[in-house]
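Enquirer: Give me a 3D structure for the following:
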Amino acid sequence: RSRGRSGDRGGGGGGGSSDFTCSIEGPGKTGNTSNCYRAVVEMAKPGNRGGNLGGTGKVRMTCAWQGDKRTAERDADDLKRAWRKGGFDEVAKTKGKLRANARAR
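Expert: Purely as a prediction, here's the structure:
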């Protein structure tokens with residue numbers, strides 16, 4: 001079900017790897033988020049780290065709630081591109097930028 005400019009909005013993992021999935025969550029369940037959507041990623045923990053990130057399992061990261069589904073889909077597109085470009089670290093950096101941009105609006 002690809003609707004994107006370059007196929008980024010296709011279903012499934014979207015990152016070309018079973019270690020990464022990206023989806024749209026929403027609408028929210030509380031009053032402030034009842035008409036909002038957000039991009040959510042699950043990705044494998046990097047194996048080369050100590051502490052909580054080292055080892056097996058997955059990490060779930062969420063973007064900021066957006067007022068419309070299309071904006072959340074654009075966030076998801078950015079996260080998928082980040083995964084392809086630089087994996088876990090690039091996704092975390094991109095998610096931070098997207099959240100900061102949402103706060104600035």
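Enquirer: make it CA atoms for all contacts and neighbour counts henceforth
Expert: Noted.
Enquirer: Sort out which residues of the one helix or strand residue 100 maps to are buried, please.
Expert: Element membership for residue 100, per DSSP states H and E: helix 69-104. By neighbour count on 16 or more other CA atoms under 10 Å, the buried set for helix 69-104 is 69, 71-84, 87-88, 90-92, 94-95, 98.
Enquirer: Next up, the contacts around residue 85.
Expert: By CA atoms under 8 Å, 6 or more residues apart in numbering, the contact list for residue 85 is empty.
Enquirer: distance of it from residue 93?
Expert: Using CA to CA, to the nearest Å, residue 85 is found at 12 Å from residue 93.
Enquirer: The helix or strand bottoming out on mean pLDDT in the chain versus helix 69-104: what angle between them?
Expert: Least confident helix or strand of the chain, by mean pLDDT, DSSP states H and E, is strand 58-62 with a mean of 91. Angle, strand 58-62 to helix 69-104, by axes from the mean of the first three to the mean of the last three CA atoms, to 10 degrees: 80 degrees.
Enquirer: Show me what strand 58-62 is packed against.
Expert: Strand 58-62 sits against strand 38-44, helix 69-104, with contacts defined as 3 or more CA pairs under 8 Å, 6 or more residues apart in numbering; DSSP states H and E.
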